[in-house]
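**Q** sequence first, predicted coordinates after that:
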Amino acid sequence: MSARNPFPGMNPFLEGSWPDVHTALIGYIREALSEGLPPDLVARAEEEVSVNRSTSPPAHYRADVAVNAVWPPVLPELNPHAASSETAVAEPDIIELEHPPSRWIEIRDTSGQLITVIEVLSPTNKQGIGRAIYLQKQQDYLAGGINLVEVDLLRIGLPPFFDADLVHLQPATGTRYLIVATRAIRPWQREVYYCPLRQRLPAVRVPLRATDADAVLDIQPLVDRVYRTGRYWQALHGELPGPALPEADAAWVRQQLASSS
């Protein structure tokens, strides 16, 4: 089989090797994001974040990717240096939640102000007690004035929304993944990028400071790079991991694999 990812978007077989994929993808996101940031911002992988609460002891989190350094009511312009002219940046579906989180937490790290956190979700973030813990961390980030981008490339479990807010998502017509951005100034609003299995993963907006244009994060070449550098093409495509696909999607997956052999 070719070393080229046989799928135009997310490769569902990568879900079965998620610990390794997760580690590699975080590094590639940090590298790609750093190239388009303003010169006075830095991206750090697995940055420890201390959350100082007013009524309880501090909580400590480890962000997958952190950008260190009051938002306008409209989406900022894109940073022209954050993506090549050939990259088409997707526009999100804007949904508003019914219950804005409170804003009473101050977040600082050892190097200064924390601007944005990017989380690549793992199975434990999407089910059981791990999901409840993750949603609390999500709310702590937003209540502390931190922008949040969540990359959900797993079919297992539930999306990164409270149960009551899942109804705001567009109905799925087939297998899909999600990327969700939340700006700290509007924690009740989600910028949702729907990522159908059969389509290229989008280039998405990464919110920074109010004075900055949005950065651009193009996920697709990073997933392709994980597939190639991890040599998953050698022995990956056996039994599909995770939940069973709808028959139409399963047939499409088989067709993609056959055409790449």
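**A** Right, received. Where do you want to start?
**Q** from here on, just use CA atoms for contacts and neighbour counts.
**A** OK.
**Q** the strands in the stretch 151-261 of the chain, which residues?
**A** Applying DSSP state E, counting those that start in this stretch to the stretch 151-261 of the chain gives strands spanning 176-182, 189-196, 203-206, 215-218.
**Q** which residues touch the longest one?
**A** For strand 189-196, the surrounding residues in contact (CA atoms under 8 Å, 6 or more residues apart in numbering) are 9, 90-97, 174-183, 201-202, 204.
**Q** one more pass at 6 Å, please.
**A** Here strand 189-196 makes contact (CA atoms under 6 Å, 6 or more residues apart in numbering) with 92-96, 175-182, 201.
**Q** for that strand, the averaged confidence score.
**A** Across strand 189-196, pLDDT averages out at 95.
**Q** next, the angle from that strand to strand 176-182.
**A** 160 degrees (axes from the mean of the first three to the mean of the last three CA atoms, to 10 degrees).
**Q** run me through the strand neighbours of strand 189-196, direction for each.
**A** Using DSSP bridges, the strands paired with strand 189-196 are strand 93-96 (antiparallel), strand 176-182 (antiparallel).
**Q** and for the last one?
**A** Taking DSSP bridges as the criterion, strand 215-218 forms sheet pairs with strand 203-206 (antiparallel).
**Q** so what's the gap between the strand it pairs with and the chain middle?
**A** 10 Å (CA atoms, centre = their mean, to the nearest Å).
**Q** from now on call the first residue 52
**A** Okay, residue one is now 52; in that scheme the one you just asked about reads as strand 254-257.
**Q** quick one: the residue nearest to Leu217 when sequence neighbours are not counted from Arg227, how far?
**A** In space, and not counting its chain neighbours, Leu217 is closest to Pro210: 7.8 Å by CA to CA, 6 or more residues apart in numbering. Distance, Pro210 to Arg227, using CA to CA, to the nearest Å: 11 Å.
**Q** tell me which of these two has more neighbours.
**A** Each of Pro210 and Arg227 has its neighbours counted (other CA atoms under 10 Å); Pro210 has more, 23 against 17.
**Q** look up how far Glu142 lies from the closest residue in space to Phe212 that isn't next to it in sequence.
**A** Nearest residue to Phe212, sequence neighbours excluded (CA to CA, 6+ apart): Leu186, at 7.4 Å. Computed as CA to CA, the Leu186 to Glu142 distance reads 25 Å.
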